[in-house]
Structures are given as C-alpha cells and as structure tokens.
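Participant: Quick one, what's the 3D model for this:
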Amino acid sequence: MNPRGGRYPPGIGNGRGGSSGGNPNFNGRNPQQHQQYVQHYVQRHPMQGQQNQQLQQHQQLQWSRRNQMGTDSGTREAMKSVQSDSIDSSSQDWKAQLNIPPPDTRYKTEDVTATKGNEFEDYFLKRELLMGIYEKGFERPSPIQEESIPIALTGSDILARAKNGTGKTAAFCIPALEKIDQDNNVIQVVILVPTRELALQTSQVCKELGKHLKIQIMVTTGGTSLKDDIMRLYQPVHLLVGTPGRILDLAKKGVCVLKDCSMLIMDEADKLLSPEFQPSIDQLIHFLPTTRQILLFSATFPVTVKEFKDRYLAKPYIINLMDELTLKGITQYYAFVEERQKVHCLNTLFSKLQINQSIIFCNSVNRVELLAKKITELGYSCFYIHAKMLQDHRNRVFHDFRNGACRNLVCTDLFTRGIDIQAVNVVINFDFPKNSETYLHRVGRSGRYGHLGLAVNLITFEDRFNLYRIEQELGTEIKQIPPQIDQAIYCR
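Facilitator: Numbering: from 1, shown residues only. Coordinates of the predicted model:
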C-alpha cells in the first residue's frame with residue numbers, strides 16, 4: 001500500500017498525495033453531483049423551514065460560482081469576495097457576536113501553516129459548532145484538519161498519520177460533534193485514548209468545541225468510581241471519551257450500550273494497539289454495530305496497526321502528512337555527561353535557558369521522585385507525575401501544571417501521549433529513551449501547534465548507540481549542545 005496515497009469515496013477525488021491533486025473542498029464536483037450532495041447533507045441535518053431553504057440556495061450559489069471560476073491563486077481571492085457578498089447580513093451577525101480570543105501572533109512553522117486555504121465554513125458544519133470552533137480560537141483548519149474533516153463527514157474509515165501538536169484532536173472531534181444527532185439519546189461516538197490525562201484533555205476539547213450544541217459528553221477512565229460512571233450512564237450520553245479497560249468493563253455490565261454507536265475514534269492508535277490494550281479493543285469492537293466508522297490517528301504506525309486495519313477497516317482512506325518525523329520547529333541537542341554529572345548539568349540548563357515551562361523525562365518511577373526532590377532542593381519549582389500515584393493526585397498535578405502553577409514537571413513516559421500544554425517550550429530527556437517512537441512523542445511535547453521548542457538530551461556513554469540509531473530511524477540530526485543557545489530558536 002502506498003502510504004501517501006489517498007482514496008476518497010466515489011465522486012470526491014483524491015487527497016493530499018493522490019494522483020490528481022484533489023481537494024477536500026470538493027471543487028471538482030459537477031453541479032448535478034453537488035446538488036445530490038447538498039440534498040443528502042440537508043436530509044442528514046434537518047433544519048427548520050426557511051433556514052433549510054436558504055442553506056440550499058446559498059450552497060448552490062457558492063458551488064456554481066466556484067465551479068465557473070478556476071482554482072488558481074488569482075481567482076481564489078475573487079471567489080472569497082463573491083462568497084462573502086452572497087452571504088446575507090444576518091449570517092454575518094452571529095460571527096460578530098462571538099467571544100473570540102485574540103489571534104495567536106506567535107511564529108508558526110509550516111507543519112500547521114502549509115494549508116490549501118480552506119475555511120471551517122467550507123465544510124457546511126452546524127452554525128452552533130462553528131461558534132464553538134471560533135470561540136476556541138481556531139482561525140482556519142490545519143493540514144490534518146483539512147484532510148480529515150470532509151472525509152470523516154462522508155462516513156469513510158480513516159487511517160491518519162500526522163505529527164504531534166498539529167491539530168489531530170480537533171481533526172476528529174469536529175466531525176464527531178457534527179455527525180451526532182442531539183435528539184437521539186444514545187451513545188453515538190466513542191473516543192478511545194491510552195491515558196487518563198489524555199481522556200480528560202480530549203473530553204474538555206469536545207466540551208469547548210460543542211458548548212453551543214446540546215450534546216452530552218462523558219469521560220470515563222480507570223482509577224475513578226465505577227458506581228458514579230454507572231449512575232451517569234443512566235442519563236443521556238451522546239459522546240463517550242475514555243480508556244479501553246473501563247469502557248469495556250461498563251459495556252460488559254450492560255450499562256454502556258454501544259449498539260447505536262456509529263463512530264469509533266482511536267487517538268494514539270499505535271499505543272492502543274500495543275499488547276497492553278489490544279485484547280480490550282478487540283472485545284470492545286464486538287459491542288459496536290457492523291456498520292460503524294473507525295478513525296485511527298497517531299504520529300507513528302507500527303506493524304500492529306496494519307494488522308488491525310486489515311481486520312477491521314474495509315477500505316480506509318489513508319492520510320499521511322509525515323514526510324519527516326520530527327517537528328520542524330524543534331531544535332534538538334545532546335550533552336555528553338557522566339551519570340553523576342546529570343543533576344549539575346540540569347542546574348546549568350535551568351540557569352542558562354529561557355524556560356516558559358519544561359517537561360523532564362526519566363525512565364523509571366523511582367528516578368522521577370528522586371529527581372523532583374533534587375530540583376526542589378536546588379531552589380526551582382517542580383511537580384512530578386507517574387502512573388503509581390493516586391488518580392486524584394495525578395489529576396491535580398496535571399491541572400495545576402497546565403494552568404501554570406509550576407514551571408517544571410518531572411515525569412515518566414505516561415506523559416508522552418497527546419498531552420497538549422502550549423506553554424511548554426523546553427523538553428529535557430534526563431534519561432535518554434530506548435526507542436525512536438518514545439523519543440518522537442517526548443520531544444513533541446514542546447513546539448505545540450507549529451510553535452518553536454527545544455529538546456535537550458543528556459547522553460551517557462551507554463546511550464551513544466541509542467542516540468545514533470534514533471537519529472537514523474527518524475532521519476533527524478541531534479547536534480552537540482553549544483556553549484550559548486540563541487533564544488530565538490525556541491522563544492520567538
């Protein structure tokens with residue numbers, strides 16, 4: 001299979017990397033095809049009386065004008081002015097009344113800026129969902145969102161590979177919220193994630209995006225009260241976010257009914273399909289209808305994902321935005337040290353670097369706690385988190401660090417998966433990881449959404465072979481740390 005190939009459903013064309021350079025904007029559709037699409041779309045999303053008719057007329061006007069004009073750069077601006085003229089004043093009013101945060105003016109890399117120029121309104125999303133998207137601060141779709149949203153709305157299975165921090169969560173949350181029928185009080189979407197922190201974060205994103213919709217969102221993970229979850233499931237739930245073990249447990253008890261769940265989303269799919277989780281995933285899929293849609297998202301796709309795809313995904317649409325593996329905005333250095341020099345080296349880094357927030361990785365629970373104690377003794381603010389802590393304590397640390405209560409966080413690989421904290425601009429591997437996938441996910445905690453970041457690796461004599469191997473496997477260069485690091489490369 002060609003990893004860069006694309007397969008749109010019939011009549012839609014090709015995706016990024018496909019042979020004919022198609023567009024999720026569906027520009028190539030002829031007017032008859034488009035009219036069928038609009039009718040199908042409106043049937044799926046019934047609106048009231050005149051508003052329904054206005055939507056059809058407006059969409060037909062948009063498409064007829066768009067098809068008459070080319071798609072070269074000169075006509076794009078003309079198209080947008082025609083579209084804006086055709087929108088009546090009432091549809092402009094709703095946008096003016098939104099509480100939109102100030103635009104993010106920080107420098108961004110092409111990992112998130114190399115788009116086709118689509119707008120969220122091009123996907124004919126519910127107005128209430130668009131309101132949540134804009135109020136969340138999203139201005140226009142990132143590349144992974146441009147590729148995923150229109151395909152997910154057609155009902156196709158998706159296998160999507162994109163870098164950490166490029167907008168994957170919204171790429172599946174937006175179509176999930178769009179497709180939910182809020183008048184049907186059954187679980188219609190399940191989002192599976194590998195860690196409790198990521199479940200909380202993902203459910204929060206769904207709630208913020210869907211705050212103007214009447215959609216009930218529930219999060220459930222291990223380490224919390226099973227009784228509370230059972231009681232909550234007696235109330236309406238449309239979208240369920242959680243870890244596989246807990247959702248499977250609730251499904252087996254008959255309180256989590258998944259027979260009407262039409263969409264299963266697996267975030268960090270490579271981790272979910274590791275031996276730790278795969279048996280639960282296989283059992284869970286049998287509670288879903290055979291017509292369900294499955295979306296897989298991750299930055300890395302090992303062979304276990306291919307096996308799962310062959311078994312459960314009939315003709316998945318492949319999205320691969322990973323020409324290179326590491327994020328463009330992250331500068332990577334190594335410092336060659338002896339084990340006993342590591343704490344001293346860390347102290348030097350703290351004094352020389354301009355750290356907004358940093359995440360420091362260790363390879364074991366014991367080393368996390370010892371290092372956190374050392375850092376505190378050196379006079380720096382420091383939290384720590386690992387899997388053996390009580391869940392309430394983990395939640396509190398995660399919440400407080402995210403809100404900026406502390407500058408440094410020491411953790412195990414528990415925190416490598418999907419955790420999105422915008423203020424983190426420095427990642428330090430106090431212990432160097434054993435494999436390239438772990439390294440990729442760790443350094444991806446900085447430089448979120450195209451911003452700049454710095455990764456510093458403390459390398460001992462025993463780590464030198466791992467360093468070389470990871471460089472080769474990721475096709476990246478980890479340079480020796482210079483005496484002075486220019487702040488512009490990670491603080492712009």
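
Participant: Any regions of this protein where pLDDT drops low?
Facilitator: By pLDDT under 70, the low-scoring segments of the chain are 1-92, 104-115, 163-165, 322-328, 415-420, 446-451, 489-490, 492.

Participant: Would you map out the domains in it?
Facilitator: Listed domain ranges for the chain are 1-86, 106-320, 330-491 (source: automatic domain parsing).

Participant: Out of the ones you listed, which gets nearest to W94?
Facilitator: Ranking the domains of the chain by proximity to W94 (C-beta to C-beta) places domain 106-320 first, at 6.4 Å. For glycine as for every other residue, the C-beta is placed from the backbone atoms N, C-alpha and C.

Participant: Tell me the gap between the closest one and the middle of its chain.
Facilitator: The chain centroid and the centroid of domain 106-320 are separated by 9 Å under C-alpha atoms, centre = their mean, to the nearest Å.

Participant: before we move on, what SS does the residue lying farthest from the centre of the chain have?
Facilitator: Distance from the C-alpha centroid of the chain peaks at R340, with 38.1 Å (C-alpha atoms, centre = their mean). Using DSSP: H, G, I helix; E, B strand; the rest coil as the criterion, the local structure at R340 reads helix.

Participant: And for T331?
Facilitator: In three-state terms, and counting by three-state DSSP, T331 is strand.

Participant: Check the burial of it by counting its neighbours.
Facilitator: Using other C-beta atoms under 10 Å, T331 has 18 neighbouring residues.

Participant: just D229 next, same as before
Facilitator: That count, for D229 with other C-beta under 10 Å as the rule, works out to 22.

Participant: so is it in a helix, a strand, or just coil?
Facilitator: D229 is classified as helix under three-state DSSP.

Participant: could you list every residue that touches it?
Facilitator: Contact analysis of D229 by C-beta atoms under 8 Å, 6 or more residues apart in numbering lists 218, 220, 246, 250.

Participant: where's the closest residue to the last one other than its chain neighbours relative to V186, distance?
Facilitator: What it means is L250. Excluding its sequence neighbours, the residue lying closest to L250 (C-beta to C-beta, 6 or more residues apart in numbering) is C256, at 3.6 Å. Per C-beta to C-beta, to the nearest Å, C256 is found 11 Å from V186.

Participant: what about F383, distance to A372?
Facilitator: From F383 to A372 the distance is 7 Å (C-beta to C-beta).

Participant: I meant to write L474 there.
Facilitator: Using C-beta to C-beta, we find L474 at a distance of 29 Å from A372.

Participant: Comparing the two, which residue is more hemmed in?
Facilitator: Using other C-beta under 10 Å, the more surrounded residue of L474 and A372 is A372, with 21 against 18.

Participant: Phi and psi next, for that one.
Facilitator: Dihedral pair for A372: phi -60, psi -40, per degrees, to the nearest 10.

Participant: and what of the one 10 residues further on?
Facilitator: Main-chain dihedrals, C382, degrees, to the nearest 10: phi -160, psi 130.

Participant: Over to P275?
Facilitator: phi -60, psi -30.

Participant: can you pull the contacts of it?
Facilitator: Counting by C-beta under 8 Å, 6+ apart, P275 has no contacts.

Participant: do you know how far it is from I281?
Facilitator: 11 Å.

Participant: try E462
Facilitator: Noted for E462: a distance of 35 Å to I281, by C-beta to C-beta.

Participant: who has more neighbours, these two?
Facilitator: When neighbours are counted by other C-beta under 10 Å, I281 comes out ahead of the other of E462 and I281, with 20 against 9.

Participant: What segments of the stretch 251-400 of the chain are strands?
Facilitator: Secondary structure of the stretch 251-400 of the chain by DSSP state E, counting those that start in this stretch: the strands cover 263-267, 293-298, 317-320, 330-336, 357-361, 382-385.

Participant: wait, which of the ones you listed is closest to F287?
Facilitator: Counting by C-beta to C-beta, F287 lies closest to strand 263-267 out of the strands of the stretch 251-400 of the chain; the figure is 10.1 Å.

Participant: I421 is in what secondary structure piece?
Facilitator: Following DSSP states H and E, there is no helix or strand that holds I421.

Participant: Not counting residues beside it along the chain, what's closest to it?
Facilitator: Counting by C-beta to C-beta, 6+ apart, the residue nearest I421 is R402, at 5.4 Å.

Participant: Number of residues surrounding the one you found?
Facilitator: 20.

Participant: That one contacts L409, doesn't it?
Facilitator: No - between R402 and L409 there is no contact under C-beta atoms under 8 Å: 9.6 Å.

Participant: Spit out the residues that contact F383 and A372 alike.
Facilitator: What both F383 and A372 touch, as defined by C-beta under 8 Å, 6+ apart, is the set V410.

Participant: contact partners of stretch 247-254?
Facilitator: By C-beta under 8 Å, 6+ apart, stretch 247-254 touches 190, 192, 220, 226, 229-230, 233, 240, 256-258, 280, 283-284, 287.

Participant: same thing but 6 Å
Facilitator: 256, 258, 280, 283-284, 287 (C-beta atoms under 6 Å, 6 or more residues apart in numbering).

Participant: Narrow the residues you listed to just the buried residues.
Facilitator: Among those, those classed as buried by neighbour count (16 or more other C-beta atoms under 10 Å) are 256, 258, 280, 284, 287.

Participant: which of the residues you listed lies closest to V456?
Facilitator: V456 has its nearest neighbour among the buried ones among the contacts of stretch 247-254 in S280, at 36.4 Å by C-beta to C-beta.

Participant: If we ignore the residues flanking it in sequence, what's nearest that closest one?
Facilitator: Spatial nearest neighbour of S280, chain neighbours left out: P244 (4.0 Å); criterion: C-beta to C-beta, 6+ apart.

Participant: Ok, T202 next?
Facilitator: Nearest residue to T202, sequence neighbours excluded (C-beta to C-beta, 6+ apart): V241, at 5.2 Å.

Participant: got a list of what the one you found touches?
Facilitator: Counting by C-beta under 6 Å, 6+ apart, V241 has contacts 191, 199, 202-203, 219.

Participant: Out of the residues you listed, which comes closest to F301?
Facilitator: Nearest member of the contacts of V241 to F301, counting by C-beta to C-beta, is I191, at 18.5 Å.

Participant: Tell me the bridge partners for that closest one.
Facilitator: I191 has these beta-bridge partners by DSSP bridges: V241, I265.

Participant: got it, and N408?
Facilitator: With DSSP bridges as the rule, N408 is bridged to S358, C382.

Participant: Looks like N363 contacts D431 (just checking).
Facilitator: Yes - between N363 and D431 there is a contact under C-beta atoms under 6 Å: 4.0 Å.

Participant: Tabulate the strands of the stretch 251-400 of the chain in CSV, adding columns for distance to L153.
Facilitator: What follows is those, written out as CSV (distance: least, C-beta to C-beta, whole Å):
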stretch, distance to L153
strand 263-267, 11
strand 293-298, 10
strand 317-320, 12
strand 330-336, 32
strand 357-361, 35
strand 382-385, 37
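
Participant: which one of the ones you listed lies closest to V426?
Facilitator: strand 357-361 (4.1 Å).

Participant: can I get the CA coordinates of that closest one in CSV?
Facilitator: Presented in CSV, the C-alpha positions along strand 357-361 are these (Å, rounded to 0.1, in the frame of the first residue of the first chain):
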residue,chain,number,x,y,z
GLN,A,357,7.6,25.6,31.2
SER,A,358,9.7,22.4,30.8
ILE,A,359,8.9,18.7,31.0
ILE,A,360,11.8,16.5,32.2
PHE,A,361,11.6,12.8,31.4
